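Asks: Need coordinates for the following:
(one chain, ligands or ions: 2)
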Amino acid sequence: MENLPTTYDGPVHIAVIGGTGLSKLEGYVPVAALNPTTPWGSPSSPLMIFEHNGHAVAFLARHGLYHQLAPHEVPARANIAALRSIGVRTIIAFSAVGSLREEIKPMDFVIPDQIIDRTKGIRPFTFYEGGVVGHVGFADPFDAGLAQVVEKCASAMKGDGVVLHNKGTIICMEGPAFSTRAESHMYRSWGGSVINMSALPEAKLAREAELAYQMICMATDYDCWRDEAGEDVDVAMVMKYMAANGENAKHLVGAVLDELLKQDNSDLVLAKKWQGSAQGAVKFMTKPEGRDPEAMKRVEFLFPGFWEQN
Ligand SMILES: CSC[C@H]1O[C@H](OP(=O)(O)O)[C@H](O)[C@@H]1O
Ligand SMILES: Nc1ncnc2[nH]cnc12
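Replies: Numbering: from 1, shown residues only. Ligands and ions are numbered 1, 2, ... in the order given. Just a heads-up that it's a prediction; the model follows:
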């Protein structure tokens, strides 16, 4: 990595965020390692640039190259802002999750469509504060167009033993300790499908930055709700299933990138649907007299030229 260029000239519109057990993109050779800084600090890892079918794709290791960042220490604002600053508009984010449903078995993939927030407010969670206010819509936290692409690709892998659940609600808990048994049962009663510690604030910040974002979950355990039937989750179990399913995850990434890079999907990849949504939410809120210059500069980092246009 030391010898890689630290700049990349071409456009990079798509990023993959790797989670637990996925700190690099197997089978791809990086052509650059970018280290952008942002008003929210540095990202979790260098942004590794890969080429897929002649197009550049960025990869970011959510917990750092050596998994040294706990879920509450992941600099999610820097990650999202850094990706946007190099041109990324679409994020496919991987996550290892516990299953809260009998039918979601370890190694199954889930394309979630909802999230319940059980983080504890200790993670910085917004770009819009300190003198600039913005309220973005978050009713549907993921991008339905990206979900369709992932569904199509994962469905085509069913012959290879891949099992896909094409909707589901993630419970995003604070961690880093796993849930109590009472909590696990409560999440099931709330309708949760899977549980992790990473969906938030990542998904919310992606929306604030007008990026198309979809998480792909890989089940690694049954958490601790199956009182008699099963073992309670531990890290060894999570890592074992992540390693066992690495090949499928790799094929799925390749297939999703193939599909996204088709010309027909260019509006989806450029997140045209989200363009202007956050900027609209910001420009109507804080009157000029109340705007803090430093907060304004931070918005300008996300959306260069913002204050001239508004
Ligand atoms: C090692 S189990 C808990 C850990 O695994 C998941 O990580 P990620 O979402 O980054 O794949 C979960 O969210 C926790 O951070
Ligand atoms: N049971 C669990 N709870 C929270 N995050 C997880 N990631 C993988 N399994 C998990």
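
Asks: can you list the residues of the stretch 51-200 of the chain near ligand 1?
Replies: Proximity of the stretch 51-200 of the chain to ligand 1 (Cβ under 6 Å from any ligand atom) is limited to residues 62-63, 71, 95-96, 175, 196-198. Every residue, glycine included, has its C-beta placed from N, CA and C.

Asks: among those, who's most crowded?
Replies: Ser198 (27 neighbours; other Cβ atoms under 10 Å).

Asks: give the contact list for that one.
Replies: 19, 62, 71, 74, 93, 95, 172 (Cβ atoms under 8 Å, 6 or more residues apart in numbering).

Asks: now it: how far from ligand 2?
Replies: Computed as Cβ to the nearest ligand atom, to the nearest Å, the Ser198 to ligand 2 distance reads 8 Å.

Asks: Three-state assignment for that residue, please.
Replies: coil (DSSP: H, G, I helix; E, B strand; the rest coil).

Asks: burial count for the closest residue to Leu65 other than its chain neighbours?
Replies: Sequence neighbours aside, Ser45 is the residue nearest to Leu65 in space, at 5.0 Å (criterion: Cβ to Cβ, 6 or more residues apart in numbering). Around Ser45 there are 23 other residues, counting by other Cβ under 10 Å.

Asks: Provide the count of other residues in contact range of the nearest residue to Pro39 once chain neighbours are set aside.
Replies: For Pro39, ignoring the flanking residues on the chain, the nearest one in space by Cβ to Cβ, 6+ apart is Arg298 at 4.4 Å. Applying other Cβ under 10 Å, we find 21 other residues in the vicinity of Arg298.

Asks: ok, Arg298 - contacts?
Replies: Contacts of Arg298 by Cβ under 8 Å, 6+ apart are 39-40, 127, 130, 132.

Asks: Quick check: which element contains it?
Replies: Assigned by DSSP states H and E, Arg298 falls within helix 293-302.

Asks: May I have stretch 5-15 exported as PDB, CA atoms only?
Replies: Once non-C-alpha atoms are left out, stretch 5-15 reads as follows in PDB (Å, rounded to 0.1, in the frame of the first residue of the first chain):
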ATOM      1  CA  PRO A   5      -0.400   6.700  -5.700                       C
ATOM      2  CA  THR A   6      -2.400   8.900  -3.300                       C
ATOM      3  CA  THR A   7      -4.300  10.700  -6.000                       C
ATOM      4  CA  TYR A   8      -6.700   9.400  -8.700                       C
ATOM      5  CA  ASP A   9      -7.800  11.400 -11.600                       C
ATOM      6  CA  GLY A  10     -10.900   9.700 -13.000                       C
ATOM      7  CA  PRO A  11     -14.400   9.800 -11.600                       C
ATOM      8  CA  VAL A  12     -15.200   7.600  -8.600                       C
ATOM      9  CA  HIS A  13     -19.000   7.400  -8.200                       C
ATOM     10  CA  ILE A  14     -19.400   4.100  -6.400                       C
ATOM     11  CA  ALA A  15     -18.100   3.000  -3.000                       C
END
